[in-house]
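J.: Mind folding the following:
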Amino acid sequence: DQLNMARHSMISDLDYTKTQLTVFVIILLLAVDSINPVKIFLHVFPSVKPWHVASVSLVLMIYVFISEFKALLYFSMKVFFNSIASIFFRSVEVVGRYNVPRHGPVIFVGNHANQFVDAIMMVCTCEFKISYLIAEKSWNRRVVGDMAWALGAVPVKRAQDYSSKGSGKITMKKSEMADNDGSAEGGAITVTGYSTAFMKELKIGDKVRPPGTATAMKVIKIENDTLLNVEAVGTESMDLPEEPLPFDILQRIDQKVVYGKVLETLAAKGAIGIFPEGGSHDRTDILPLKVGVALIAYSALEKDGISVPIVPVGLNYFQRNRFRGRAVVEYGEPVYIDPSTLSAYQGGGLEKRRVCNELLQKIEDAMKSVLVTAPDYESLQLIYTARRLWQRKELLVSEKQDLSRRFAEGYKQLLLQVNGKPPKEWSDLNDRIVAYQHELTELGIRDYQVPGLDSEKSEIKSVDDLDGDTFLREMRLPYQIFHVLFLMFMAAIPSVFLNLPVGLVARIYAEKRRKKALANSKVKIKAEDVLMTEKILICIVLVPTLWVVYALLLKFFTNLDGPAIALLFFCMPLFSYMSIMWAEAGMVEFKDLGPYVMRLFPSARRRIAVLPKTRKKLSSDVRAFIKKHGPSLGELYYSDDVDWKELQSKARRASRNDLKEE
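T.: Below is the predicted model:
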């Protein structure tokens, strides 16, 4: 893996070097007339005028621009998105890029944890020109739809975006009915209606969705207006409504046109980007995958004989809804269709559904192999804290991802071993870690700062005792204070005029959109996944608008001439970006001053004094706990190189067996 990463880095560095050399050579040729090829040509052929050469060059430029318009537009959007990512994220780190095939066709499948930001991350970190499948509802939005068009996205009409309320109420009950044509697998669900009109409102292939869930069940048989049968697929862990409840109707949508465009792209060795969960959400695990990606992959194999590699993309966000957060984009090993299953797919019925579900399970396992998932947000925070307590040295981002996944999967496996009822030893350690987290939050201190809190200050009795290291240590606090003040001063003026107005409006607008998204969603918890996207969208509109307003104010209310106003206008992006960098550097320094500031308060001083000892004891206990229970986790504990896809597959089978036993 490290050799592949080094090779990729070397190629990238070589391309960059080539570009630099090309630019310098062009500048040299233009600067020296004696080696300028155009000047030499005009000298040899005096009948040719400069405007002749310029005219031919202009025509060729226009031709190239028109013929390569889509590629140039995509490249421009990629540059734009990279600038967006550098502004809104402190860092975007990439893991596993060597897993991406060097040539198409390719299908990229990513988790959908941050709405449109997910697509931006994939565009910025992948060398392929990716054509995304985007919901028609989003395609019709201004700005979002415009950018999607520029990227060559394909709009998809989703049933959930056009759902309607059904008449009356329904109850559901498991049945063992199986359709003669093989359309039902593993039994079916009998739906009984009260004051319903099934014959009028529904048809075979439509879906019924109970309230409070995102799971919709396909109608396979309609008996009469008050009785029908739906598929039981995906309802294994679902509580069926036994009391009459209202329901939604999702009409069947023909996606032949969409599939046709996608297959054309793949046949041309292009790349398709899909978020198979179907919609963005803010959960700590992935949602059940939609079957579309499996149908596309099998259709490509059936039509063009192409076994398209399906590359999982793990989009891991840290403080995803906050400005200057951090992201880790991890590319996993591709998933391939077994060609021997094509005949089963072509046979239709139960066999087609079986092989599609098996492929979906492989894709789900692959996606989880590049993510850190947990039952809930509190568990995820506990996992990250335990990993930091166990960790003794700084790790590479790939090593952090691997270690965090080990902790997350180990946590879930241990829960299964104790049937979700951890023993007192585990509960006590859990409570102590949570209490430690809360203490850090209340004191405004980060975990990485705690080990340095118990460093003893040396007593300086005379000038002779003041060596270089001691002097630098004693001068650190005054230097940090001065540095914070300097950075805040440098960032203050441009931030107040260029960033603050837009930031305040963006925060209010994003919060309004969050509430609306939460009200309309069946799967979101707090709808925090929409916040960053909405902030970016409003900033794309308001930031240049604000620059134009300032330029007009300078034009009509100052004595500055046109060139001066133009210079200030084109410098505004630079001033805005530099103020962000200065403000962030100042905030980092200010956070480092947190322990010093809190020590000014007697009560906080006493609490801070015991933190290093608390952390040291917790770290020791976490390691002892892992040493005691780790061997029961098998390769997760012993293996240096875990096959994450296989591990996820085993965990899924174990979870299903537990459900069957219950």
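J.: going forward, measure contacts and count neighbours with C-alpha atoms only.
T.: Fine.
J.: mind listing the helices for the stretch 51-200 of the chain?
T.: 69-88, 116-125, 136-139, 144-150, 198-201 (DSSP state H, counting those that start in this stretch).
J.: buried residues in the second one?
T.: Right, helix 116-125. 116, 117, 118, 119, 120, 121, 122, 123, 124, 125 (16 or more other Cα atoms under 10 Å).
J.: Mind listing residues that contact it?
T.: With Cα atoms under 8 Å, 6 or more residues apart in numbering as the test, helix 116-125 has contacts from 78, 81-82, 85, 94, 110, 112, 129-130, 132, 315, 329, 532-533.
J.: All the strands of the chain, in order from the start?
T.: Secondary structure of the chain, counting by DSSP state E: strands at 89-95, 106-110, 130-135, 154-156, 164-165, 169-175, 188-194, 207-209, 217-224, 227-231, 248-250, 271-274, 310-318, 325-331.
J.: Neighbours of residue 520, how many?
T.: For residue 520, the neighbour count with other Cα atoms under 10 Å is 12.
J.: Tabulate the buried residues of helix 116-125 (CSV), appending pLDDT and distance to residue 228.
T.: Formatted as CSV, these follow (pLDDT from 0 to 100; distance: Cα to Cα, whole Å):
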residue, pLDDT, distance to residue 228
116, 93, 38
117, 94, 41
118, 95, 39
119, 94, 40
120, 94, 43
121, 94, 44
122, 95, 43
123, 94, 45
124, 92, 48
125, 93, 48
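J.: picking that back up, between the strands of the chain, which one is closest to residue 619.
T.: Between residue 619 and the strands of the chain, the shortest gap by Cα to Cα is with strand 310-318, which sits at 22.7 Å.
J.: returning to what we had before: redo the contacts of helix 116-125 as a markdown table? Include neighbour count.
T.: Below are the contacts of helix 116-125 laid out as a markdown table (neighbours: other Cα atoms under 10 Å):
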| residue | neighbour count |
| --- | --- |
| 78 | 22 |
| 81 | 18 |
| 82 | 17 |
| 85 | 21 |
| 94 | 18 |
| 110 | 26 |
| 112 | 25 |
| 129 | 18 |
| 130 | 23 |
| 132 | 24 |
| 315 | 25 |
| 329 | 24 |
| 532 | 23 |
| 533 | 21 |
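J.: Most widely separated two among those?
T.: 129 and 532 (23.9 Å).
J.: about what we covered before: ok, which of the strands of the chain comes nearest residue 416?
T.: Residue 416 lies closest, by Cα to Cα, to one member of the strands of the chain: strand 310-318, at 24.7 Å.
J.: and the closest one, which residues are buried?
T.: Counting neighbours by 16+ other Cα under 10 Å, one finds that the buried residues in strand 310-318 are 310, 311, 312, 313, 314, 315, 316, 317.
J.: Need the nearest residue in space to residue 286, chain neighbours excluded.
T.: Nearest residue to residue 286, sequence neighbours excluded (Cα to Cα, 6 or more residues apart in numbering): residue 111, at 6.7 Å.
J.: quick one: contacts for the residue nearest the centre of the chain?
T.: The chain has residue 315 as the residue nearest its centroid, 3.3 Å off, counting by Cα atoms, centre = their mean. By Cα under 8 Å, 6+ apart, the contact set of residue 315 is 110, 111, 112, 113, 118, 121, 327, 328, 329, 330, 371.
J.: That one and residue 141, how far apart?
T.: 24 Å (Cα to Cα, to the nearest Å).
J.: Please apply the same query to residue 540.
T.: Distance check for residue 540 against residue 141: by Cα to Cα, it reads 14 Å.
J.: So for the two, which residue has more residues nearby?
T.: Ranked by neighbour count (other Cα under 10 Å), residue 540 and residue 141 place residue 540 first, with 14 against 11.
J.: where in the stretch 501-650 of the chain is pLDDT low?
T.: Low-confidence segments of the stretch 501-650 of the chain, defined by pLDDT under 70: 589.
J.: can I assume residue 324 is in contact with residue 88?
T.: Yes: here residue 324 lies in contact with residue 88, judged by Cα atoms under 8 Å, at a distance of 5.0 Å.
J.: and residue 355, how many neighbours does it have?
T.: Residues lying near residue 355 (other Cα under 10 Å) number 21.
J.: my guess is it contacts residue 344, does it?
T.: Yes: between residue 355 and residue 344 there is a contact under Cα under 8 Å: 7.0 Å.
J.: what about residue 595, distance to residue 436?
T.: Taking Cα to Cα as the measure, residue 595 falls 16 Å from residue 436.
J.: of these two, who's got more company?
T.: Between residue 595 and residue 436, counting by other Cα under 10 Å, residue 595 is the more crowded of the two (20 against 17).
J.: Tell me the predicted confidence for the residue lying closest to the more buried one once chain neighbours are set aside.
T.: Nearest non-adjacent residue to residue 595, counting by Cα to Cα, 6+ apart: residue 445, 6.6 Å away. Predicted confidence (pLDDT) at residue 445: the value is 86.
J.: show me the contacts for residue 445.
T.: 591, 594, 595.
J.: Out of the residues you listed, flag the one nearest to residue 422.
T.: Nearest member of the contacts of residue 445 to residue 422, counting by Cα to Cα, is residue 595, at 35.1 Å.
J.: In contact with that closest one, which residues?
T.: 444, 445, 453, 608.
J.: wait, the first one sits on residue 596?
T.: If I follow you right, that is residue 444. No: look at residue 444 against residue 596 with Cα under 8 Å: they stay out of range, at 11.0 Å.
J.: Quick one: low-confidence residue ranges for the stretch 1-150 of the chain.
T.: Using pLDDT under 70 as the threshold, the predicted model of the stretch 1-150 of the chain has low-confidence ranges 1-14.
J.: Please give the number of neighbouring residues around the nearest residue to residue 154 once chain neighbours are set aside.
T.: Spatial nearest neighbour of residue 154, excluding adjacent residues (Cα to Cα, 6+ apart): residue 133 at 4.9 Å. If you count neighbours by other Cα under 10 Å, residue 133 ends up with 21.
J.: can you check the one 4 residues further on too?
T.: Neighbours of residue 137 under the rule other Cα under 10 Å: 14.
J.: Distance of it relative to residue 161?
T.: According to Cα to Cα, residue 137 and residue 161 sit 7 Å apart.
J.: Residue 606 too?
T.: 55 Å.
J.: Repeat that for residue 637.
T.: To residue 161, residue 637 is 44 Å away according to Cα to Cα.
J.: between these two, who's got more neighbours?
T.: residue 637 (17 against 12).
J.: Residue 636 is in contact with residue 406, isn't it?
T.: Yes: in terms of Cα under 8 Å, residue 636 counts as a neighbour of residue 406; the distance is 6.2 Å.
J.: that older thread, to residue 521, which of the helices of the stretch 51-200 of the chain lies closest?
T.: That would be helix 136-139 among the helices of the stretch 51-200 of the chain, by Cα to Cα, at 14.0 Å.
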